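> sequence and predicted structure below; questions after.
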Amino acid sequence: MSPGLHRRAFVGSALALGACNRRADAQPAPISLPPLKSIARFPVGACIQAVHLQDPELARLVVEQVSQLTPEWEMKMEYICQPDGSFRFDGPDQIAAFARTHGLRLFGHTLVWYDQPPGAFANLDESRVRFADAYRNYILAVVGRYRGQAVGWDVVNETVEDDGGGIRDSLWARRLGKLEHIVLAFQHAREADPDAVLFLNDFFLETHPEKRRAFLKLAETLLKAGAPLGGLGTQTHLAAGDQKGLIKAAIADLASLGLPIHISEMDVSLQEGGSRAERLTRQADLYREAAEAYSALPARQQFAFTMWGLRDRESWRKREDASDAPLLFDVNGRPKAAAAAWVQGLG
Ligand code: G3I
């Protein structure tokens, strides 16, 4: 049976089974799907925390379902950069070792973020030279450590204003310049690793077209400035109340520059959008749309499709609302209707 038929047969039966149990009192029939990475034509990723790898059930699900890992926080300054300016790598090293052991790709997230100005940088003396040296040293140390393993990096994260008004204010922008700190970050990352694909990553690119326009304009500016920008990351943190069609429009727009696209952090919160059942249906629809949109890209632009977690149990969204269930697998690691819809969207 060709992969396409195989996939459709699986999804058809899963959905039919689900439908014939639509009675209000029935528990939804269990959904059986082949591993996501076995049916997607592109790498499928998930974020993970080192501590989560101690859970054998989750570790098994990760190895079974995905081909790429993004450390959820351990490769960020908030973890690595210590108050005295020293660096801590135990967490990211654990994740890197797990990925190597299981033949998974490793994706670095994230080097420079407005949201994480660690004290060690903020307290550096006023001289730009000293600050610029520390900035370069940090990026060389982190990217260099995973050279030859990390397939790519979110070099700069969330640098565009949500209203599309330009580059956010940040410690980095104030000390090194709004555009300069971004160009420098890409140059330093390239100096540390000649092969990793270097991404500009941001959120709300589906729901805020002005922001997407500014994001694309910044990408073009970086390319013109000779920055080694190698890809565009759209985080795709959505909510069940978000309109249909936004994902497809965003992916088509982002792909217009011809660069590889990374859906880098997808989840669909249930915190809005009608009854629980309606929200779950809309959640499935949005995952299906994202899979359809991403599958329609030319292969050279399909870098990876990363979910911001695998099981609902570990989702960061639960910190805001314990009842939220934004991912493809439930708290016990069973595939949800959203997973069947995502597979259906692979076409
Ligand atoms: O695990 C430690 C715990 O041992 C310690 O006691 C506690 C003290 O603060 O910190 C815990 O670590 C937290 C970590 O998540 C793991 O839970 C960090 O404080 C907390 O800052 C960190 O939050 C992460 C956040 O980014 C900031 O790094 C979230 O997990 C992560 O989901 C979130 O992910 C971001 C992306 O990087 C960028 N796009 C948006 C996305 C969601 O906010």
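Noted; the coordinates are in hand. Residues are numbered from 1 along each chain as shown.
> can I get the CA coordinates of stretch 340-347 in CSV?
Extracted C-alpha coordinates of stretch 340-347, given in CSV (Å, rounded to 0.1, in the frame of the first residue of the first chain):
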residue,chain,number,x,y,z
ALA,A,340,-5.9,12.6,13.2
ALA,A,341,-6.8,16.0,11.6
TRP,A,342,-3.1,17.0,11.3
VAL,A,343,-2.4,13.6,9.6
GLN,A,344,-5.4,14.2,7.3
GLY,A,345,-4.0,17.6,6.4
LEU,A,346,-0.8,16.0,5.2
GLY,A,347,-2.9,14.9,2.2
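> pull up the residues of this protein that are close to the ligand.
Gln49, Glu72, Trp73, Lys76, Glu78, Asn157, Phe203, Gln235, Glu265, Trp316 (C-beta under 6 Å from any ligand atom). C-betas here are computed from N, CA, C, even on glycine.
> list only buried entries from those residues.
Neighbour counting by 16 or more other C-beta atoms under 10 Å classes Gln49, Glu72, Trp73, Lys76, Asn157, Phe203, Gln235, Glu265, Trp316 among the residues of the chain next to the ligand as buried.
> which residues in the stretch 51-200 of the chain form helices?
Counting by DSSP state H, counting those that start in this stretch, the stretch 51-200 of the chain has helices at residues 56-65, 77-80, 90-101, 119-122, 128-145, 171-176, 180-192.
> closest one to Ala322 among the ones you listed?
Across the helices of the stretch 51-200 of the chain, Ala322 has its closest neighbour in helix 56-65 (18.4 Å, C-beta to C-beta).
> chain center to that closest one: distance?
18 Å (C-alpha atoms, centre = their mean, to the nearest Å).
> do stretch 107-124 as well
18 Å.
> hang on, the earlier thing: what's the farthest-apart pair in the buried ones among the residues of the chain next to the ligand?
Farthest pair in these, by C-beta to C-beta: Gln49 and Phe203, 19.7 Å.
> for the closest residue to Lys211 other than its chain neighbours, what are its contacts?
Nearest non-adjacent residue to Lys211, counting by C-beta to C-beta, 6 or more residues apart in numbering: Gly164, 4.7 Å away. With contacts defined as C-beta atoms under 8 Å, 6 or more residues apart in numbering, Gly164 is in contact with His208, Glu210, Lys211, Arg212, Arg213, Ala214.
> can you map out the strands along the stretch 151-300 of the chain?
In the stretch 151-300 of the chain, strands defined by DSSP state E, counting those that start in this stretch lie at 197-202, 231-234, 237-239, 261-269, listed in chain order.
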